[in-house]
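A.B. asks: Take a look and give me a structure for this.
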Amino acid sequence: MNLVLHMLKSLCLSIFALLVVVLIVLFPRKLDIGLQGYKMSASYHFSWSQYADNITGFLHGVFVDHTLGVTRYEEPIGAVVQTAIGKSLAIIVIGFLLSSILGVMKGLADYKLSKSKWNAIGNGTTWLFQSVPDFMVVLLIQWFVIRYMPFIHFFEQKEWYAFLIPSVLVSIYPAMYIARITSAAIAGQEGQMYIQVAKAKGVAERMILYKHVGRNSLGTILSHLPSLFGYLLSNLLMVEYLISYPGAAYRLFQAIDYDTSFGSGENYEPGVIIGIACCFMIMIVLVQWISFIAKRSVTPRSR
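C.D. replies: Residues are numbered from 1 along each chain as shown. Now for the predicted structure:
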């Protein structure tokens, strides 16, 4: 029953967050732009009637016309969102698997190296990658590939490996995050009675680490999968923008159409923003549910 309650709670919170996003996106953004002599001026006046019209128009389009509208290019928003999400989904899935698997492996290595003089190579590198800003790591890798590996077409989107480069880039920080969680979870098992009993029975250290300690630490690791996915999505927004990958995050930046002088530009697309945000929210809920179910299945007390 607790599992069902946790799943319903995460669903309700996600729906509430999506509603807040919708209300923010539909906020009136029209500016009154004019000329005062040789100087351009802009003023903003909030209108409740305009806000209500935006909300009712959006609800009518969704529930009556079954559409989110059209883009600045007169394309159906539903098809545009579906295409953009499809391109980003390959990055998200591969990045999630890479960060999970490599993060656990790095955490095991960090734990083993922490008991030797090579601790700086283990925990030190994990700390380093977590300390350096994400965008700086991406820019450094981008510079290195362009400078020393010219055979890799970094910005070419027609190559078969076009989705692999951003998948690796988005998984770097999440992998270091899981590595730190894994190392701490394993270290937290030290001194437990079952470890002492296993050692007294003559069980090999490697067997104790991988079969017993690793299994008992798995619940802690699985509980952090939603956080890992959150880091992955935040990196996706940055990576797609920096390498101009035509995925959902890049299309989201275009839809916001931020203008340095007046804020929102004339090509602001609320339907695209809401559609992509809804897809991301569904992914977050699914990852949370997977985390709940997986943790319950591997935790002895839950079983």
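A.B. asks: what pLDDT does the most centrally placed residue in the chain get?
C.D. replies: For the chain, residue 233 is the residue whose C-alpha lies nearest the centre (Cα atoms, centre = their mean; 1.7 Å). Note on residue 233: pLDDT of 92.
A.B. asks: Name the SS class of it, please.
C.D. replies: Classification of residue 233 by DSSP: H, G, I helix; E, B strand; the rest coil places it in helix.
A.B. asks: and the nearest residue to it once chain neighbours are set aside, how far is that from residue 43?
C.D. replies: Nearest residue to residue 233 in three dimensions, chain neighbours excluded: residue 280, at 6.2 Å (Cβ to Cβ, 6 or more residues apart in numbering). (Glycine included, C-beta is placed from N, CA and C.) Using Cβ to Cβ, to the nearest Å, residue 280 is found at 34 Å from residue 43.
A.B. asks: so where's the stretch 51-200 of the chain uncertain?
C.D. replies: 154-156, 159-160 (pLDDT under 70).
A.B. asks: what about the strands in it?
C.D. replies: Counting by DSSP state E, counting those that start in this stretch, the stretch 51-200 of the chain has no strands to list.
A.B. asks: show me where it has helices.
C.D. replies: For the stretch 51-200 of the chain, helices defined by DSSP state H, counting those that start in this stretch occupy the ranges 77-113, 119-131, 134-148, 164-187, 193-200.
A.B. asks: Out of those, which one sits most buried?
C.D. replies: Greatest average neighbour count among these goes to helix 164-187 (a mean of 23), per mean count of other Cβ atoms under 10 Å.
A.B. asks: Which elements pack onto that one?
C.D. replies: When contacts are defined as 3 or more Cβ pairs under 8 Å, 6 or more residues apart in numbering; DSSP states H and E, helix 164-187 sits against helix 77-113, helix 119-131, helix 134-148, helix 214-222, helix 225-243.
A.B. asks: can you state the direction angle for the second one and helix 164-187?
C.D. replies: In this structure, helix 119-131 runs at an angle of 120 degrees to helix 164-187, with axes from the mean of the first three to the mean of the last three Cα atoms, to 10 degrees as the basis.
A.B. asks: Thank you, goodbye.
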